[in-house]
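Let me see the structure of the following:
(chains A and B)
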Amino acid sequence: MSRGARVLLLGPYVLLLTVFFTVPLILMFLISLSRSSFGQIDWALTPSQYVRFFTDAYYLSVLGDTLWLGVLTTVACLLLGYPLAYHLALTRTRGKPLLIVFILSPLLVGIVIRCYGWMILLADRGLINETLVQHGWLAKPLPLMYNKFGVTVALVHVFLPFMVLSLTGVLKRIEPQLIEASQTLGASPHRAFFEITLPLSLPGILAGSLLVFSLAISSFVVPILVGGFKVHVLPMVVYEQVLSVFDWPFGAANAFVLLVISVVLIAVYIKVTERALRGIV
Amino acid sequence: MILRAAVGVVYAFLLLPMVVVVLAAFNAGNYFTFPPQGFSLRWFANFFQRREFMQALWLSTELAFWTALASTVIGTAASVVLVRGRFRGRDLLNAFVTSPLLLPQILTGVALLQFYTLLKMQASYAALLIGHIVVTTPYVIRTVTATLTHFDLALEEAAQSLGAHPLRAFFEVTLGVIKPGVVAGAIFAFAISFDNFTLSLFLTSAKLTPLPIELFAYLKYSFDPTAAAVSAFAIGVALVLVVGIARFMGLEEFTGF
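Numbers count the residues shown, from 1 in each chain, chains lettered A, B, ... in the order given. Sure, this is the predicted structure:
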């Protein structure tokens, strides 16, 4: 392939990405170093926005809550996703394409719709509470929504497919002969799982967890709709500062804190997946 | 046995919100209760009669179409170089072209909004379209790359040695073989754009609202099942698209299993 052909084929997208992705991100970083005066950007190179973020107890607690929700979501996704991925990797059922559709379909259904589904289920007059109260099993509705519980449930639902996809990829590559050999040598299925399958799937566990965590801490539709603005997370602060308060420098600084966390996680994720593929293939 | 039961419960968890939305859309009452209060199409009628929903649906469809078309062309072209080209810096370029996929979309949204505003280009159709193309193209690159890696270069060389021009060899042989990946990528790009919420939120205006944004605005103030009808419709679209991907590429290959 000639140099000219390469430039012609790859050029358009690289140019598009540079102008409409890289440059805007650099601009955002510059804005985060500026000051806001009466809704206008006062260009300067000052770390004051970051100082404001890291010295204010409110924003630090928001950051803490964001990371904590990320941890909860990741652990729950792992616990729910592992059995699913294990089953999917080993099953020989004819219905397998249908199972994959089930796993993929939440990914293709918009996030607003999935949140709405959880709102119908979890609201005070939602399906679960209404049914329980009508049948007299409950005196008053349980607080299932507009709190961390509801947000975590919806977040787990939103990101579970990513965990399952990461785990299935690794579990499928484990040689079945290894398990058979261990069982021939007298290991119980239980022991074979804990001493062979689980350790060999560790790279998938790590990769899936990093992916889900980084997605969960950057989600803001779920906290807004299912959390009803009552659960405060970092992406929501970004959203409010940029679209309601119009304090762009501070919004940009918040966004950049999120970006740094994400980039670190992504870098580790890439290292882990590379090593995982090298170790098994 | 325990595994089976656990797996069943998790599948139910995955599907439950979508099933509930669809049932609520066909339910006659204002609140969805169990058992349902009878079958009705009035929420769908309301959806199709409201001008703002119809305009939003049309905008989303049009936007997704142009996004899919543009990202498929530039994404496929880019994949060919990334898979076949032998040059320094290829790995770096590979990471660069898929980076919008890895960065949280809220950050891309904020950065683009600020960039467009300084250029006085905010809230325009072009701004929205370009934003969508930036985030969907990496998906096309991924699916096309997956099929292109399996492609046997000897086929194209054979065509060339039989006298075909390299371009003709590419369009008639290579493109024919990698068509499943290209079409699956196009469908996926359409689906991502059609459902996109996060990026659109930062790039829309009162006159330019795609369906997910309209639905979000509606849900903030009212809780009636018209929203369920809109959602059920979008779920139907998603299902059709999944079937499309399955037919062209096969889901196992698409997901990388």
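
For the residue of the stretch 101-250 of chain A found nearest chain B, which non-adjacent residue is closest in space?
Distances between the stretch 101-250 of chain A and chain B by CB to the nearest CB are smallest at residue A:117, namely 2.6 Å. Backbone N, C-alpha and C define where each C-beta goes, glycine included. Excluding its sequence neighbours, the residue lying closest to residue A:117 (CB to CB, 6 or more residues apart in numbering or on different chains) is residue B:17, at 2.6 Å.

quick one: the one you found is in a helix?
Yes - under DSSP: H, G, I helix; E, B strand; the rest coil, residue B:17 sits within a helix.

Can you verify my assumption that it contacts residue A:114?
Yes - using CB atoms under 8 Å, residue B:17 makes contact with residue A:114 at a distance of 5.4 Å.

Now the common contact residues for the two.
Taking CB atoms under 8 Å, 6 or more residues apart in numbering or on different chains as the contact rule, the neighbours common to residue B:17 and residue A:114 are residue A:157.

coming back round to it: report all helices and strands that the helix or strand the residue of the stretch 101-250 of chain A closest to chain B falls within contacts.
Under the criterion of DSSP states H and E, residue A:117 resides in helix A:111-122. Counting contacts by 3 or more CB pairs under 8 Å, 6 or more residues apart in numbering or on different chains; DSSP states H and E, helix A:111-122 packs against helix A:127-134, helix A:148-172, helix A:221-225, helix B:2-26, helix B:211-221, helix B:226-248.

Show me the residue of the stretch 1-150 of chain B that gets nearest to chain A, please.
For the stretch 1-150 of chain B, CB to the nearest CB, closest residue to chain A: residue B:17, 2.6 Å.

Run a quick neighbour tally on that residue.
Using other CB atoms under 10 Å in any protein chain shown, the number of residues around residue B:17 comes to 26.

Can you read off the pLDDT for it?
Residue B:17 is assigned 89 on the pLDDT scale.

related to what we said a few turns ago, which residues make contact with the helix holding residue A:117 from outside it?
Against helix A:111-122 from outside (CB under 8 Å, 6+ apart): A:106, A:126-129, A:144-145, A:150, A:153-154, A:157-158, A:221-222, A:225-226, B:16-18, B:20-21, B:24, B:32, B:195, B:197-198, B:212, B:215-216, B:219, B:223, B:227-228, B:231, B:234-235.

Then stretch B:227-244?
A:101, A:104-105, A:108-110, A:112-113, A:116-117, A:120, B:18, B:21-22, B:24-27, B:32, B:43-44, B:46-47, B:53, B:57, B:183-184, B:187-188, B:190-191, B:194-195, B:211-212, B:214-215, B:218-219, B:251.

Kindly recompute the last result at 6 Å.
The contact list for stretch B:227-244 (CB atoms under 6 Å, 6 or more residues apart in numbering or on different chains) reads A:101, A:108-110, A:113, A:116, B:18, B:21-22, B:24-25, B:43-44, B:47, B:187, B:191, B:215, B:218-219.

what do you get for stretch B:2-11?
A:80, A:83, A:84, A:87, A:102.

Quickly note the distance from the last one to residue B:11.
When distance is defined by CB to CB, to the nearest Å, residue A:102 is 6 Å away from residue B:11.

Close to chain B: what parts of the stretch 151-281 of chain A are there?
Counting by CB under 6 Å from any CB of the partner chain, the stretch 151-281 of chain A comes close to chain B at A:165, A:168, A:169, A:218, A:235, A:242, A:255, A:259, A:262, A:266.

Neighbours of residue 178, how many?
Because you didn't say which chain, this covers chain A. 13.

nope, chain B please
Residue B:178 has 24 nearby residues by other CB under 10 Å.

got it, and residue B:9?
13.

Repeat that for residue B:42.
12.

now the strands: where do they sit in the stretch 1-150 of chain A?
A:35-37, A:40-42 (DSSP state E, counting those that start in this stretch).

most neighbours, which of the contacts of stretch B:2-11?
residue A:84 (27 neighbours).

Name all residues that make contact with that one.
Residues in contact with residue A:84 (CB under 6 Å, 6+ apart) are A:164, B:7, B:10.

pretty sure the first one is touching residue A:103, no?
It refers to residue A:164. Yes - using CB atoms under 6 Å, residue A:164 is in contact with residue A:103, at 5.4 Å.

So for the two, which residue has more residues nearby?
Neighbours were counted for residue A:164 and for residue A:103 using other CB under 10 Å; residue A:164 has more, 28 against 24.

element containing the spatially most central residue of chain A?
By CA atoms, centre = their mean, chain A has its centre lying nearest to residue A:215, at 2.2 Å. Secondary structure assigned from DSSP H and E places residue A:215 in helix A:202-216.

Show residues contacting that helix.
A:70, A:73-74, A:77, A:155, A:159, A:162-163, A:166-167, A:170, A:262, A:265, A:268-269, A:272-273, A:276.

where in chain B is pLDDT low?
B:31-36, B:251-257 (pLDDT under 70).

what about the helices in it?
B:2-26, B:42-49, B:51-84, B:90-97, B:99-102, B:105-118, B:125-150, B:153-161, B:166-169, B:175-195, B:198-203, B:211-221, B:226-248, B:251-255 (DSSP state H).

Figure out which of those is closest to residue A:191.
helix B:2-26 (16.2 Å; CB to CB).

Show me what counts as buried in the closest one.
Within helix B:2-26, the residues that count as buried by 16 or more other CB atoms under 10 Å in any protein chain shown are B:6-7, B:10, B:14-15, B:17-18, B:20-26.

got it, and stretch A:188-207?
Buried-residue list, stretch A:188-207, by 16+ other CB under 10 Å: A:192, A:196, A:197, A:200, A:201, A:203, A:204, A:205, A:206, A:207.

Could you do stretch A:47-55 as well?
Of the residues in stretch A:47-55, those buried (16+ other CB under 10 Å) are A:49, A:50, A:53.

same check, this time on stretch B:197-206
B:197, B:198, B:199, B:200, B:201, B:202, B:203, B:204.

Which single one of these is nearest to chain A?
Of those, the one sitting nearest to chain A (CB to the nearest CB) turns out to be residue B:197, at 5.5 Å.
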